[in-house]
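**Q** here is a sequence together with a model predicted from it:
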Amino acid sequence: MIDLSVQLGRLTLKNPVLTASGTFGYVREMAGFARIDRIGGVIPKTVTMKPRAGNPTPRTVETPSGLLNAIGLDNDGLDYFLREHLPYLRTVGTAIIVNIAGETEDQFVEMAEIVGGEPGVTAIELNLSCPNVSHGLDLGIDPRVIERLVARVRRACPLPVIAKLTPNVTSVVAIAKGAAAGGADAVSLINTLLGMAIDWKRRRPILANDVGGLSGPAIKPIALRMTWDVARTLPDLPVIAIGGISSADDALEFLVAGARAIQVGTATFADPSAAERIVDEIPQKLAESNIPSLAAIVGSLKSNKTPK
């Protein structure tokens, strides 16, 4: 048996496959489609302090090899999540990572402190990168703000802290450095890229929000490059990769590029069991290539520019 366990700072996972926030509901909805306890961890959809109605419809549109969404963090708020969803999540048999989004630094810290006091939560993921809400990117584009926020959250919350980073910046490495300096246990990247779809006959954008976040296979090459950039620049900072992962081969590409874990997102809409399937396929792929452990491939990518 190949050991699939991974260590991400203070966070230990039984395998490197997570579900991405916003694509797996509150997990209860997916229980009939996948064995949740087989997955390394689940990340329910983002929770905000107060309920949010989200953006007007239409909120999603398919594009070539991708999906544009402008959901706008539609959710029932933190109190409802703790009362109605967390009791069920405690029973699913795997790591529970709660994704939170605050409108201000103080609100992030307050939410982290509240969630950190709840039993059954394994870690928190800070949503610093949603492109479809007001203030959604303000906190995620300045390395100094990221550093300060992560440091404050660490002081307020005993749980491992994951910073989810936006790709909609000049240098994701600079943002990752800020998260590392603040004490993040890991960073997850990339979140969606800002994009647009147009109905030329109506002379209107298709999304009611005009623009949305692009996910799916279309962004995988960008996500691979950003994963590699961050992992080789900050080798001590664990990277959880996201972006167009729908197979074990996709996952292994990101691990070779330096990620230590991955999140399955948009693929779940087409195949709700995608994350579980990838967990099953990774050991098979490693065995076929006579690779003895997951650790043997992480960060093993060699640049073609490196002398042989």
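**A** Great, that's in hand.
**Q** next, the distance between the ends of stretch 87-96.
**A** 11 Å (Cα to Cα, to the nearest Å).
**Q** could you pull out the buried residues of it?
**A** 89, 92, 94, 95, 96 (16 or more other Cβ atoms under 10 Å). C-beta coordinates here come from the backbone N, C-alpha and C atoms, glycine included.
**Q** so residue 177 makes contact with residue 234?
**A** Yes. Contact between residue 177 and residue 234 holds when scored by Cβ atoms under 8 Å: they sit 6.6 Å apart.
**Q** out of everything not next to it in sequence, what's closest to residue 180?
**A** Nearest non-adjacent residue to residue 180, counting by Cβ to Cβ, 6 or more residues apart in numbering: residue 237, 4.6 Å away.
**Q** so that neighbour, which of the three states?
**A** On the three-state scheme (DSSP: H, G, I helix; E, B strand; the rest coil), residue 237 is labelled coil.
**Q** ok, it - contacts?
**A** Neighbouring residues of residue 237 by Cβ atoms under 8 Å, 6 or more residues apart in numbering: 176, 179, 180, 184, 186, 187, 230, 231.
**Q** hmm, back to that, now go through the buried residues of stretch 87-96 and say which are in strands.
**A** Those of the buried residues of stretch 87-96 mapping onto strands are 95, 96, per DSSP state E.
**Q** turn the buried residues of stretch 87-96 into a markdown table, columns for distance to residue 6 and pLDDT.
**A** Converted to a markdown table, the buried residues of stretch 87-96 look like this (distance: Cβ to Cβ, whole Å; pLDDT from 0 to 100):
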| residue | distance to residue 6 | pLDDT |
| --- | --- | --- |
| 89 | 21 | 98 |
| 92 | 19 | 97 |
| 94 | 13 | 98 |
| 95 | 11 | 98 |
| 96 | 16 | 98 |
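**Q** which of the helices or strands spans the most far-flung residue of the chain relative to its centre?
**A** Largest separation from the mean C-alpha position in the chain: residue 201, at 35.8 Å (Cα atoms, centre = their mean). Using DSSP states H and E, residue 201 sits in no helix or strand.
**Q** so what's it scoring on pLDDT?
**A** For residue 201, the pLDDT comes out at 98.
**Q** give me phi/psi at it?
**A** phi -70, psi -40 (degrees, to the nearest 10).
**Q** likewise residue 81?
**A** phi -60, psi -50.
**Q** so what sits opposite the closest residue to it other than its chain neighbours in the bridge?
**A** The shortest distance from residue 81 to any non-neighbouring residue, by Cβ to Cβ, 6+ apart, is to residue 47 (4.7 Å). Going by DSSP bridges, residue 47 is paired in beta bridges with residue 100.
**Q** list the contacts for residue 47?
**A** 75, 77, 78, 81, 98, 99, 100, 101, 111.
**Q** would you confirm that the third one contacts residue 46?
**A** Read that as residue 78. No. The pair residue 78 and residue 46 does not pass the contact test of Cβ under 8 Å, sitting 10.7 Å apart.
**Q** list residues touching both of these two?
**A** With Cβ under 8 Å, 6+ apart as the test, residue 78 and residue 46 both reach residue 100.
**Q** just the pLDDT for residue 29.
**A** On the pLDDT scale, residue 29 gets 94.
**Q** if I look at it, how far off is residue 85?
**A** 11 Å (Cβ to Cβ, to the nearest Å).
**Q** neighbour-wise, which of these two wins?
**A** residue 85 (21 against 10; other Cβ atoms under 10 Å).
**Q** next one: phi and psi at the more buried one?
**A** Torsion angles, degrees, to the nearest 10, at residue 85: phi -100, psi -40.
**Q** list the buried residues for stretch 205-213?
**A** 205, 206, 207, 209, 212, 213.
**Q** which non-adjacent residue is nearest residue 183?
**A** Distance criterion Cβ to Cβ, 6+ apart; nearest residue to residue 183, sequence neighbours excluded, is residue 154 at 4.6 Å.
**Q** from the contact counts, what lies against the helix or strand containing that neighbour?
**A** If you go by DSSP H and E, residue 154 is part of helix 143-156. Based on contacts counted as 3 or more Cβ pairs under 8 Å, 6 or more residues apart in numbering; DSSP states H and E, the elements that helix 143-156 packs against are helix 105-116, strand 123-127, strand 161-164, helix 172-182.
**Q** got these as CSV, with mean neighbour count columns?
**A** As requested, these are arranged in CSV below (neighbours: other Cβ atoms under 10 Å):
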stretch, mean neighbour count
helix 105-116, 18
strand 123-127, 27
strand 161-164, 28
helix 172-182, 22
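**Q** could I get those as CSV with distance to residue 250?
**A** Compiled in CSV, the helices and strands packed on helix 143-156 are given as follows (distance: least, Cβ to Cβ, whole Å):
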stretch, distance to residue 250
helix 105-116, 30
strand 123-127, 21
strand 161-164, 19
helix 172-182, 19
